[in-house]
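A.B. asks: One predicted model, sequence on top.
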Amino acid sequence: MITDPGPAPPDAAGDPAAAAAAVHVSGLRKRYGDVAALAGVDLVIRAGEFFTLLGPSGSGKTTLLRLIAGFERPDAGRIELGDSDVTGVPPYARNVNTVFQDYALFPHMTVGQNIEYGLRVRRVPKAVRREKVGRALEMVRLPRLADRKPAQLSGGQRQRVALARAIVNEPEVLLLDEPLGALDLKLRQELQLELLRVQREVGITFVYVTHDQEEALTMSDRIAVLNHGSIEQIGSPTQVYEQPRTPFVAGFIGVSNLIERDGHKITVRPEKLTLIEDGEPDPPDAHVEPGQVRDVIYAGVLTRYVVDLDAGGELVVTRLNAERASVAAGSRVRVAWRPSQAFTIPQGPDQGPRSGEGKQ
């Protein structure tokens, strides 16, 4: 299991308070019948960071989020929020809020009433509620929509209202369960940046669940990659992309480009590779392998080439379309990369990290 929280995010490096644990789970296990949804997870999430739980369907990420929220009880293990053990505490008594994919807004209430609902339950005075709702609407950039009903809003606006309703209660931790999953790509990309802006502005710890690798890389201070109920790797977006610790992480985040050479599995990302055609010189100090182009995939700004290597295995190479004309399928080519651009996947039963990368 991963017990070390890893390198601090840049904004927490010199701030001890920011590096304190907002969430600490240890030995967390959960089964549903014969299925082990979580198999002994250890995890530390720092106060004030944007932390993402990333993995495919069935990896355990949503189960972990629900356990932190209190919607499920673990079979074993411990959950702490700040300095408090909340393992047996019901959801309403935990200082967390959850934003869901389906928004869960009250259709008969206005936007303002939806946002202030939690404050009313807590009997916050009306004047204070009005002030907090106004600030929350400004924060999510919906200042003039307080009197509208949810049905009068777009999907993106409804998601912003759900976010405002969650942050207005000023929870220690905000849990977000694939909140952008129902939106179209362009709107999802816009709201990714909005969510990140809001998180930085309010300073609340965000724990975000997604299966979208690009979303995780775009928004996160750190990412935990889950697979079959276990954490395979925790690290910054750069670490999990550039230095995957397991074949699963290498394959799930981006294009895997895994090949075996001299008894070692290595990965090289497509953008690090150079496609060399006949008559072109090899780059200096590069590792070069010949092969044949099997597939050519046009993707607008770039083209992906799938190359079968003579030495075995295949690599996907990307090339910007502004650079030169496309290479046809069936062409003989050479693929080059610098040794520093290839990363060896650790071998052995624990597939443990290299020095300085934490423990697994």
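C.D. replies: Structure received. Numbering: from 1, shown residues only.
A.B. asks: contacts and neighbour counts: CA atoms only from here.
C.D. replies: Fine.
A.B. asks: Helices along the stretch 101-250 of the chain, start to end?
C.D. replies: 111-121, 126-139, 155-167, 185-202, 213-219, 237-242, 247-252 (DSSP state H, counting those that start in this stretch).
A.B. asks: Any chance of those helices in a markdown table with mean neighbour count, distance to Arg148 and mean pLDDT as columns?
C.D. replies: Below are the helices of the stretch 101-250 of the chain laid out as a markdown table (neighbours: other C-alpha atoms under 10 Å; distance: least, C-alpha to C-alpha, whole Å; pLDDT from 0 to 100):
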| stretch | mean neighbour count | distance to Arg148 | mean pLDDT |
| --- | --- | --- | --- |
| helix 111-121 | 20 | 6 | 91 |
| helix 126-139 | 17 | 12 | 90 |
| helix 155-167 | 23 | 11 | 88 |
| helix 185-202 | 15 | 21 | 87 |
| helix 213-219 | 18 | 30 | 92 |
| helix 237-242 | 18 | 38 | 93 |
| helix 247-252 | 19 | 41 | 90 |
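A.B. asks: I'd like to know which of these is closest to Gly229.
C.D. replies: Gly229 sits nearest to helix 247-252 of all the helices of the stretch 101-250 of the chain, at 13.3 Å, using C-alpha to C-alpha.
A.B. asks: the domain parsing of the protein - what is it?
C.D. replies: Listed by automatic domain parsing, the domain ranges of the chain are 10-247, 268-342.
A.B. asks: Can you list the strands that the host helix or strand of Thr52 pairs with?
C.D. replies: Counting by DSSP states H and E, the element that carries Thr52 is strand 50-54. In the sheet, strand 50-54 lines up against strand 205-210 (parallel), strand 222-227 (parallel) (DSSP bridges).
A.B. asks: can you list contacts of that strand?
C.D. replies: The contact list for strand 50-54, computed with C-alpha atoms under 8 Å, 6 or more residues apart in numbering, reads 45, 61, 196, 199, 205-213, 216, 219-226.
A.B. asks: Show me what counts as buried in the strand or helix carrying Val307.
C.D. replies: Assigned by DSSP H and E, Val307 falls within strand 302-309. The neighbour-count check on strand 302-309 (16 or more other C-alpha atoms under 10 Å) flags Thr303, Arg304, Tyr305, Val306, Val307, Asp308, Leu309 as buried.
A.B. asks: Make sure the second one is actually in contact with Val316.
C.D. replies: Yes. Applying C-alpha atoms under 8 Å as the test, Arg304 and Val316 come out as touching, 6.4 Å apart.
A.B. asks: if we can go back for a sec, output the strand holding Thr52 as CSV, restricted to C-alpha atoms.
C.D. replies: The C-alpha coordinates for strand 50-54 follow below in CSV (Å, rounded to 0.1, in the frame of the first residue of the first chain):
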residue,chain,number,x,y,z
PHE,A,50,-6.9,19.3,-5.4
PHE,A,51,-6.6,15.5,-5.1
THR,A,52,-8.0,13.2,-7.8
LEU,A,53,-9.0,9.5,-7.6
LEU,A,54,-8.5,8.2,-11.1
